[in-house]
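K.L.:
Here is a sequence with its predicted model. Questions after.
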Amino acid sequence: MTEDFALIDFALVARPPADLAEAIGRSRASLSAGESAPDAPRRGGLIGRLFGRGKDGGRDARRNALRLQPAGTLPEPPLARTLLADQSGCGAASPVRLSGPLGVAGLTLIEFREADASTSRFCEALSAALGGDEIFYFRHSGSLHPGAHFAFHVYRDGRATRRAESVSMNGTAPEADWHATDSGMTHPLETDAMSPPGTPKSDIMTPVRQAIIIEALGIDPEMLFEQGEGFEAVVLELSDDPAGLPLSEVRSVIAEQKRAGAPRPVAQPGEPFEAPAAVVETEPELDTSGFDPSWEEEVTGLLVAAVEAALPPEEQVAWLDALTEQLLGGDIDGALEEAQRVIDVGHRSDAVKRAAVRRLTELFGRGG
């Protein structure tokens, strides 16, 4: 791993890439809404809750929605901040790369760019979406950092349960002005890297301690970001570029990666990125095992995926609002017919369209 960067932020989670992509999509919506209107109350209503009906914050969340991009869209691993002052791609605006399964435990590596704060908002939101799974977060500084910043956090159920970090903004010598955090119960992964009483602030968290923790997770630290020839794990690149596919296509793309035994082909300049045609012959279930959504959240997710695939951005919110009014007015069959019409004209594969229609009818008690 090269060191010509200021900071890298990454996390390891014991969940497959597809589950995490779906959970990150949901958590990104909450992050975007929070940044655009941090004091706004949560709105009720099927679609109004997500889009903030009549509010600009809803449109901001739509504009920042993550989409699945062609291989090679993001910079080579690790996904870094090359300048310490550059936070333009951090927080809710950060692209994300998922790679997994890795190591003996089959973990997924999440690369992202985080803003400077006491905790990672990305990991807080994602851990809330995952509901019970631990997220192991690391921050590592390189040669372009004027001092050093090494951190290890554990997140679960939307909060940090463990934080250990050492930070110096000017110099790396032990006598520099270091700041340290050592809070929460020591995680079992830190058994071989615990800080005894009286440990200098510069040694609360170090690259060596980080490496020991990563090794305890069953991964070779030297190979963590390697994706060269022979790399067989699934790789997903997510950003808010509107040219990408909606995250509802993630399982189809993964199925094609596994079938081909290689990463997705890189899209040529000017060519649209389309879902793999090879998966059209199968009819996948809409797998929601990676999270536990309420009825309302699942319906919302299906309708949002439908309009993303079928309508231009300027028409999507109006259509969702109109369908919501139709549902609230009791015209369920008419609303389902309109939803099927939009699903059918979308650019997704036929298998995904059929699965979406079937699931919507089931959720409204019209299946069978």
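P.N.:
Thanks, I have it. Just so we're clear, the structure is a prediction, and the values are computed from it rather than from any experiment.

K.L.:
what about stretch 104-119, start to end distance?
P.N.:
28 Å (CA to CA, to the nearest Å).

K.L.:
and if you look at stretch 140-154?
P.N.:
15 Å.

K.L.:
if you average pLDDT over that stretch, what comes out?
P.N.:
For stretch 140-154, mean pLDDT is 96.

K.L.:
next one: it to chain centre, how far?
P.N.:
Its chain's C-alpha centre and that of stretch 140-154 lie 22 Å apart, by CA atoms, centre = their mean, to the nearest Å.

K.L.:
Enumerate the positions of that stretch that are buried.
P.N.:
Within stretch 140-154, the residues scored as buried using 16 or more other CB atoms under 10 Å are 140, 141, 142, 145, 147, 148, 149, 150, 151, 152, 153, 154. In this view, the C-beta of every residue, glycine as well, is placed from N, C-alpha and C.

K.L.:
okay if I get these as a markdown table plus secondary structure?
P.N.:
Output for the buried residues of stretch 140-154, formatted as a markdown table (DSSP: H, G, I helix; E, B strand; the rest coil):
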| residue | secondary structure |
| --- | --- |
| 140 | strand |
| 141 | strand |
| 142 | coil |
| 145 | coil |
| 147 | coil |
| 148 | strand |
| 149 | strand |
| 150 | strand |
| 151 | strand |
| 152 | strand |
| 153 | strand |
| 154 | strand |
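
K.L.:
Which pair in those residues has the greatest spatial separation?
P.N.:
Greatest spatial distance in the buried residues of stretch 140-154: 147 and 154, 24.3 Å, computed using CB to CB.

K.L.:
any chance of the buried residues of stretch 140-154 in TSV, with distance to residue 75 too?
P.N.:
Listed next are the buried residues of stretch 140-154 as TSV, based on distance: CB to CB, whole Å:
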residue	distance to residue 75
140	16
141	18
142	14
145	18
147	24
148	23
149	20
150	22
151	22
152	24
153	24
154	27
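
K.L.:
surely residue 359 meets residue 302?
P.N.:
Yes. In this structure residue 359 lies within contact range of residue 302 using CB atoms under 8 Å: 6.2 Å.

K.L.:
which stretches of the protein have low pLDDT?
P.N.:
The model of the chain has pLDDT under 70 over residues 1-2, 29-64, 193, 229-230, 261-296, 367-368.

K.L.:
who are the neighbours in contact with the residue sitting nearest the centre point of it?
P.N.:
Residue closest to the average C-alpha location in the chain (CA atoms, centre = their mean): residue 24, at 3.0 Å. Applying CB atoms under 8 Å, 6 or more residues apart in numbering, we find residue 24 in contact with 66, 96, 98, 110, 126, 129, 238.

K.L.:
What strand or helix carries the fifth one?
P.N.:
Per DSSP states H and E, residue 126 falls inside helix 121-130.

K.L.:
Not counting its own residues, what contacts that helix?
P.N.:
With CB under 8 Å, 6+ apart, helix 121-130 has contacts from 9, 11, 13, 15, 19-20, 23-24, 26-28, 30-31, 91-92, 94, 110, 112, 114-115, 133-135, 137, 153, 155-160, 290-291.

K.L.:
Show me which of the residues you listed are buried.
P.N.:
Among the contacts of helix 121-130, those scoring as buried are 9, 11, 13, 15, 19-20, 23-24, 26-28, 30-31, 91-92, 94, 110, 112, 114-115, 133-135, 137, 153, 155-156, 160, 290-291 (criterion: 16+ other CB under 10 Å).
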